[in-house]
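Asks: Predicted coordinates and the sequence they were generated for:
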Amino acid sequence: MDVLAGIAAARGKGVPGRPGLDRSLVTTGYLLSVPDAKGICAVSVLGSEPIDGVPAVPGDYTAVTSVRVLLDGGRPVQVLGPAGSIPVSAVSGSTTTLPPPPAATTSTTVTVSKVILPTVSGTWRVPRASWGRWGDSADVYQGNSGESGQLWGLACYGEQITGLGASAILSATVTLAQNGGSGYSGNWTATVRGCASGTLPGTAPTYLGDTATATLPGAGKDGAAVDCVLPATVREQLRTGNIKSLGLVGAPYGATYGAGRRGNSWALALTYQLTT
């Protein structure tokens, strides 16, 4: 190619616009989402990807797929109405030919498994109205030993679960490790229930949602671990963040190791889906 000859041939001609820049004041575009309560919608103009946050002139956009769009340097600044509400001939330089709409995006769903460990745990001793006034301060107790008074335990996961961005949690199993304490013998039933607090609250914990149970061995079985399967309702509350911690609310006296005491105690094994 003779570069100098090409330059000479272009002498005196106007400078072409930048790629993608349209100098029209109004063009026809695709309406990708109808205006919401605030009159905001999404459009595609000049073959662009979806552009959100465009205000629309009030009107009936039912079943409308194409609209007239006011531009500023090629960017949409307002939807003027359904296509055809402004004659094409009324706007100098406007186009009557719509570029193809943006390609439909396809979502991909993958299944992931992850183990979440509690960031903090403890037991609320009702008679003392405080945390950490019975046994090890991090261990998670339930029930009443007689001298302890009512005990409610809690293991907290903070924002770790919502931070996964799961579109669905397919299974959730929490591991409970017996702390081997004295004062109870024989098997005991641990009753697990959720709590909205992401960390130990300043007052007594408030539990919510459905419960799940698991049978743990009694004294002398230090570290014995049992899995407790959480129901679907609790899985969904974990996903949405309505539940950010799990605790013990059962009547029989019993205790489990808490955060940092035994690596697997209150470990929450999740299998979940990510949609991208």
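Replies: Everything's here; your move. Predicted, not measured: the structure shown is a model, and the values here were computed from it.
Asks: Okay, now the unreliable bits of the stretch 151-276 of the chain?
Replies: Scanning the stretch 151-276 of the chain with the threshold set as pLDDT under 70 gives 181-185.
Asks: how about the helices in it?
Replies: Remark: helices assigned in the stretch 151-276 of the chain by DSSP state H, counting those that start in this stretch are 232-240.
Asks: Near residue 275, how many other residues are there?
Replies: By other C-beta atoms under 10 Å, the residues close to residue 275 number 11. Just so you know, the C-beta spots here come from the backbone N, C-alpha and C atoms, and that holds for glycine as well.
Asks: And the most centrally placed residue in the chain, how far from residue 234?
Replies: By C-alpha atoms, centre = their mean, the chain has its centre lying nearest to residue 165, at 4.0 Å. Distance, residue 165 to residue 234, using C-beta to C-beta, to the nearest Å: 19 Å.
Asks: And residue 215, by the same measure?
Replies: 19 Å.
Asks: Who has more neighbours out of the two?
Replies: residue 234 (24 against 11).
Asks: Isn't that one up against residue 243?
Replies: Yes - counting by C-beta atoms under 8 Å, residue 234 does reach residue 243; the two are 6.4 Å apart.
Asks: Now do the shared contacts for these two.
Replies: 194, 209 (C-beta atoms under 8 Å, 6 or more residues apart in numbering).
Asks: mind checking the end-to-end distance for stretch 43-63?
Replies: Start-to-end span of stretch 43-63 (C-alpha to C-alpha, to the nearest Å) is 14 Å.
Asks: Which of the residues in it are classified as buried?
Replies: Using 16 or more other C-beta atoms under 10 Å as the test for burial, stretch 43-63 gives 43, 44, 45, 46, 48, 51, 54, 56, 61.
Asks: circling back to that earlier point, the residue nearest to the centre of the chain contacts residue 273, correct?
Replies: No - counting by C-beta under 8 Å, residue 165 does not reach residue 273; the two are 10.2 Å apart.
Asks: Poorly predicted segments of the stretch 1-150 of the chain, please.
Replies: Residue ranges of the stretch 1-150 of the chain with pLDDT under 70: 1-23, 84-99, 104.
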